[in-house]
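Fold the following and give me the result.
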Amino acid sequence: QVQLVETGGGLVQAGASLRLSCSPSGRTLGTYAMGWFRQAPGKEREFVAAISGSTDTIYYKDSMKGRFTISRGNAKNTVYLQMDSLKPEDTAIYYCAADPEDTVIATTPIYWGQGTQVTVSS
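Below you'll find the predicted structure:
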């Protein structure tokens, strides 16, 4: 079982930046694909960005390109989501996810964190 722990959420004003972090608890995930999803109030959870485990190939939802940047730590055991120029519509719970298979990380990853709240005020 993999437990993912997200940190870095908070309340910021529009235009600010935040960096979310996600690490597994108790084990390493060096070859796992990892990604970020978000769920806004009253909406379905949506894919934000992912990084493959095998080649560190990066994927973004088209609407997230340019303001959001996903990356891994040097030990490949932590994944980050740098969010710049935040907008009120970015308000959501942000979830970290991981899967041993690259092909499902953007759709149905098997492991999920508990989520971290990001609130952007206007």
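
contacts, neighbours, all on C-alpha from now
Noted.

dump the residue contacts of Thr119.
Residues in contact with Thr119 (CA atoms under 8 Å, 6 or more residues apart in numbering) are 9-12, 88, 90-92.

Could you write out the alpha-carbon coordinates of the helix or strand containing Arg19 in CSV?
Taking DSSP states H and E as the criterion, Arg19 maps to strand 18-25. Extracted C-alpha coordinates of strand 18-25, given in CSV (Å, rounded to 0.1, in the frame of the first residue of the first chain):
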residue,chain,number,x,y,z
LEU,A,18,2.1,28.2,-4.7
ARG,A,19,4.2,25.1,-4.8
LEU,A,20,2.6,21.8,-3.8
SER,A,21,4.7,18.8,-2.8
CYS,A,22,3.8,15.1,-2.6
SER,A,23,5.9,12.3,-1.1
PRO,A,24,5.1,8.7,-0.3
SER,A,25,5.0,7.7,3.4
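
who does that strand touch, helix- and strand-wise?
On a contact count with 3 or more CA pairs under 8 Å, 6 or more residues apart in numbering; DSSP states H and E, strand 18-25 meets strand 3-7, strand 79-83.

Kindly state which of those strands is positioned closest to Gly35.
Closest approach to Gly35 among the helices and strands packed on strand 18-25 (CA to CA): strand 79-83, 7.6 Å.

Can you list the buried residues in the closest one?
Using 16 or more other CA atoms under 10 Å as the burial criterion, the residues of strand 79-83 that qualify are 79-83.
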